[in-house]
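*Asks:* compute the structure for the input listed below.
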Amino acid sequence: MTEEHHLGSFHPSVHETTPFNYHSPSITCTIVPADVQEGSRSSMPVRARIVVSGRVQGVGYRAFAEGAAQQRGLRGGVRNLRDGRVEVEAEGDRGAIDDLLMCLRMGPPRAHIEDVHVQWETPTGLSAGFHIWY
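*Replies:* Numbering: from 1, shown residues only. From the prediction side, this is the model:
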């Protein structure tokens, strides 16, 4: 069974309750929701197929996504699509993928995210690691 969501664009502001930290060039994205206690995040394994549109090619978006996914211990990869979008396939704990989605909606400094489409799927057992696919 699959479930689809469009997250749309996300523009953080000073009123956001979710702290965000991006360090370049190490590609660090840290999200720590203020209302989430340690251990309260879902650890159910899931698979997400994510397509990001906007200005996401030629701005370091794949390296950003790779770093954010690796920080969260996710498996999968990221690739450019011919139509100018970026596709991310990630498997791991639902909470870790939710955190990754927050990072993907923000992107690196030169990116402009217009839409993030998520299709939730049953995990397939992707091999360990998260990589840029060519």
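*Asks:* how about the helix or strand in which H117 is found: buried residues?
*Replies:* Using DSSP states H and E, H117 sits within strand 112-121. Within strand 112-121, the residues scored as buried using 16 or more other Cβ atoms under 10 Å are 113, 116-118, 120-121. (Each C-beta comes from the backbone N, C-alpha and C, glycine too.)
*Asks:* partners of that strand in the sheet?
*Replies:* Its sheet considered, strand 112-121 pairs with strand 3-6 (antiparallel), strand 45-55 (antiparallel) by DSSP bridges.
*Asks:* worst average pLDDT in the ones you listed?
*Replies:* Least confidently modelled of these is strand 3-6, at a mean of 60 by mean pLDDT.
*Asks:* L81 reaches V52, doesn't it?
*Replies:* No: taking contacts as Cβ atoms under 8 Å, L81 lies outside contact range of V52: 9.5 Å.
*Asks:* need the residues touching each of those two.
*Replies:* E87 (Cβ atoms under 8 Å, 6 or more residues apart in numbering).
*Asks:* with just CA atoms, put the longest helix anywhere in the chain into PDB.
*Replies:* Longest helix in the chain, counting residues (DSSP state H): helix 94-106. In PDB, the C-alpha atoms belonging to helix 94-106 read as follows (Å, rounded to 0.1, in the frame of the first residue of the first chain):
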ATOM      1  CA  ARG A  94       9.700   6.900  10.000                       C
ATOM      2  CA  GLY A  95      10.900   9.600  12.400                       C
ATOM      3  CA  ALA A  96      14.200   9.800  10.700                       C
ATOM      4  CA  ILE A  97      12.600  10.200   7.300                       C
ATOM      5  CA  ASP A  98      10.200  12.800   8.700                       C
ATOM      6  CA  ASP A  99      13.300  14.800   9.800                       C
ATOM      7  CA  LEU A 100      14.900  14.300   6.400                       C
ATOM      8  CA  LEU A 101      11.700  15.700   4.800                       C
ATOM      9  CA  MET A 102      12.100  18.900   6.900                       C
ATOM     10  CA  CYS A 103      15.700  19.200   5.600                       C
ATOM     11  CA  LEU A 104      14.700  18.600   2.000                       C
ATOM     12  CA  ARG A 105      12.000  21.300   2.200                       C
ATOM     13  CA  MET A 106      14.600  23.800   3.200                       C
END
